[in-house]
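>>> Prediction below, plus the sequence it came from.
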Amino acid sequence: MKTVIYVNGTDKIQDRRRLAGVKDYAQRHGWNLQSVEALQSQTHAKELIRIWKPDGFIVCRGAALNNFPQKSFGEIPVLHSHNPVATESVGENCIFNDANATAEMA
């Protein structure tokens, strides 16, 4: 069973909905999904890695939280949502939401 750590960014409704979607996907694919509120430091990330031995991270960077470079996670794959760290964005896996396009589609 794959273990994925989901790091919350904020408590906004869109972040809660994103987590609900990830939980649904994880359940359907047999993942062990562990959700944490935020990363306190790079040491906190290393501690989560030591405890859970995750196969990957999904990190939400809302409200200027969780702005740690890829090297904080070692060799573990990380998917960032929201804004990439400006100085470390090269080589990061990021997803973005185009709120204007979403509104137009609605």
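Now that the structure is in, tell me what you want to look at.
>>> now the helices for the chain?
Per DSSP state H, the chain carries helices over the ranges 13-28, 42-52, 99-105.
>>> For the residue nearest to Gly74 when sequence neighbours are not counted, list the residues it contacts.
The shortest distance from Gly74 to any non-neighbouring residue, by Cβ to Cβ, 6 or more residues apart in numbering, is to Ile49 (6.6 Å). The C-beta positions use only the backbone N, C-alpha and C, and glycine is treated the same way. Taking Cβ atoms under 8 Å, 6 or more residues apart in numbering as the contact definition, Ile49 lies against Phe73, Gly74, Ile76.
>>> For these, pick the one with the most neighbours.
When these are compared by neighbour count (other Cβ atoms under 10 Å), Phe73 ends up highest, at 21 neighbours.
>>> from what I can see that one touches Gln42, true?
No. Here Phe73 lies out of contact with Gln42, judged by Cβ atoms under 8 Å, at a distance of 9.1 Å.
>>> All good on my end, thank you.
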